[in-house]
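Novice: Mind folding the following:
(one chain, ligands or ions: 2)
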Amino acid sequence: MKAPGKVNVSLDVGPLRADGYHSVASVYLAVSLYEEVAATSTPTPGITVSISPDSTLDLDGVDIPLDGSNLAYKAAAMMADVSEHATGVHLEITKRVPVAGGMGGGSADAAATLLACDALWNSGLSRDELAQVASELGADVPFSLLGGTAVGLGVGDELSPALVKAQTDWVLVAADFGLPTPEVFRTLDRLREAEGLDADEPTAVDPKILQALRSGDADALSRVMVNDLQRASIELAPGLRATLGRGEALGALAGIVSGSGPTVALLTHNPAAAESLAEDLRHYGLTAFPVHGPVHGARIISDTLL
Ligand SMILES: C[C@](O)(CO)[C@H](O)COP(=O)(O)OP(=O)(O)OC[C@H]1O[C@@H](n2ccc(N)nc2=O)[C@H](O)[C@@H]1O
Ligand SMILES: Nc1ncnc2c1ncn2[C@@H]1O[C@H](COP(=O)(O)OP(=O)(O)OP(=O)(O)O)[C@@H](O)[C@H]1O
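Specialist: Ligands and ions are numbered 1, 2, ... in the order given. Modelled structure (predicted):
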């Protein structure tokens, strides 16, 4: 199975709730950077996980747990609980999405694992039931199952698909460090508190963002994309400001920190512009991937469907 990473084209963050989460209003875009998960039955019961980085991703010094705290492991354990024919299972994850990068890489692993175990054990869960399990695993997991373009409300898990056929072309700049999502949210709360600002409850996304995405108008999109978490990510990693500036100086229409960061997403006019911007950024020693969106959510790998 493969599942995509995401960029939040807009992310409006409300106040901290009693459950430790923040309500959000976000436009999610699934992009063409995929995680892969192969699930195979094992003769002994239990769940094992192995990770093999794709050649495009440097995992040196990156800590990914292989035990019960791995999101893919958790996904398999939840599927085993509801599947009559569950067996032992080995999950082999091929990583391409930067780890702790704000692109929902672990969430993509979880989404791919849900489908892989569903197929392996014939769980009989409906797509809605799978989405329910997904939302128990994390705020971003339901979107990785769904893919495409969607508006996310609640904590990001209440999704409404947005009919977007037009493609937008981006360059993702991966950092050589991660940012823990909870710390980025906490930093935003702290910055707002220091300013004496009370965040409004987000209830809807700016319709201009969906209009720009639907018409594939990258210039219009570049004027309206926004991420409330960006300033918190920059507070924790001030070098991100330079990455955004570099991207724009080299011709990106606009740049945005993806989700909780530190990956930066740079918007371009077309695939050729994305290729050439990525090439230019590599000359500055940056890790840059040209991608496009929207792409499909978690699904069986088939080259003809790429
Ligand atoms: C930043 C985003 O990636 C934007 O799509 C998501 O909001 C984060 O989604 P995620 O990583 O799947 O988040 P989870 O694993 O569910 O939550 C991790 C932690 O992030 C914080 N969190 C997450 C989502 C949210 N709406 N409000 C939060 O405050 C909470 O501290 C939570 O304990
Ligand atoms: N399958 C997994 N892949 C990567 N990290 C995982 C996985 N399972 C658990 N983790 C842990 O979760 C942390 C965040 O992982 P992930 O790559 O999903 O972050 P992220 O992309 O920033 O998430 P999001 O955008 O959803 O906030 C990692 O630092 C790692 O310790």
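
Novice: Now residue 120: phi and psi?
Specialist: phi -70, psi -40 (degrees, to the nearest 10).

Novice: just checking, it touches residue 42?
Specialist: No. With contact defined as CB atoms under 8 Å, residue 120 does not reach residue 42; the gap is 10.9 Å. Placement of C-beta: from N, CA and C, glycine included.

Novice: so what sits against both of these two?
Specialist: Residues touching both residue 120 and residue 42 (CB atoms under 8 Å, 6 or more residues apart in numbering): 87, 89.

Novice: and those two? which has more neighbours close in?
Specialist: Taking neighbours as other CB atoms under 10 Å, residue 120 and residue 42 compare with residue 120 leading, 19 against 13.

Novice: contacting residues for that one?
Specialist: 39-41, 87, 89.

Novice: same thing with residue 301?
Specialist: When contacts are counted by CB under 8 Å, 6+ apart, residue 301 touches 1-2, 36.

Novice: and the residues you listed, which of them are in helices?
Specialist: With helices defined by DSSP state H, no entry of those lies inside them.

Novice: Looking at those residues, state which has the most neighbours.
Specialist: Counting by other CB under 10 Å, top hit in those: residue 2 with 25 neighbours.

Novice: Is that one bridged to anything, and to what?
Specialist: With DSSP bridges as the criterion, residue 2 is bridged to residue 36, residue 299.

Novice: circling back to that earlier point, residue 244: which of the contacts of residue 120 is nearest?
Specialist: Of all the contacts of residue 120, the one with the least separation from residue 244 (CB to CB) is residue 39, at 38.3 Å.

Novice: so which helix or strand takes in the closest one?
Specialist: Element membership for residue 39 (DSSP states H and E) is strand 22-42.

Novice: What residues sit buried inside stretch 47-67?
Specialist: Buried residues in stretch 47-67, counted by 16 or more other CB atoms under 10 Å: 47-49, 51, 53, 57, 62, 64.

Novice: Can you pick out the most distant pair from these?
Specialist: For the buried residues of stretch 47-67, and using CB to CB, no pair is farther apart than 47 and 57, which are 23.3 Å apart.

Novice: quick revisit: so which of the contacts of residue 301 reach ligand 1?
Specialist: Checked against ligand 1 using CB under 6 Å from any ligand atom, the contacts of residue 301 yield no neighbours at all.

Novice: With pLDDT and distance to residue 199 as new columns, can the residues you listed be given to me in TSV?
Specialist: Output for the contacts of residue 301, formatted as TSV (pLDDT from 0 to 100; distance: CB to CB, whole Å):
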residue	pLDDT	distance to residue 199
1	94	37
2	96	36
36	96	37
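
Novice: Quick check: of these, which lies closest to residue 228?
Specialist: Using CB to CB, those come closest to residue 228 at residue 2, 30.0 Å.

Novice: Tell me which residues touch that closest one, please.
Specialist: Residue 2 sits next to 34-37, 112, 298-299, 301 when contact means CB under 8 Å, 6+ apart.

Novice: ranking those residues by neighbours, who comes first?
Specialist: Going by other CB under 10 Å, residue 112 tops the contacts of residue 2 with 32 neighbours.

Novice: and that one, what helix or strand is that in?
Specialist: Per DSSP H and E: helix 105-121 holds residue 112.

Novice: circling back: quick one: least confident of the buried residues of stretch 47-67?
Specialist: Lowest in pLDDT among the buried residues of stretch 47-67 is residue 53, which has 73.

Novice: Could you measure from residue 17 over to residue 185?
Specialist: For residue 17, the distance to residue 185 equals 11 Å [CB to CB, to the nearest Å].

Novice: So the two - more neighbours on which side?
Specialist: Of the pair residue 17 and residue 185, residue 185 is the one with more neighbours under other CB under 10 Å, namely 20 against 11.

Novice: That one and residue 14 touch, don't they?
Specialist: No. Look at residue 185 against residue 14 with CB under 8 Å: they stay out of range, at 10.9 Å.

Novice: Tell me the pLDDT of the closest residue to ligand 1 within the stretch 201-306 of the chain.
Specialist: Ligand 1 sits closest to residue 259 of the stretch 201-306 of the chain, with a gap of 3.5 Å, by CB to the nearest ligand atom. pLDDT for residue 259: 97.
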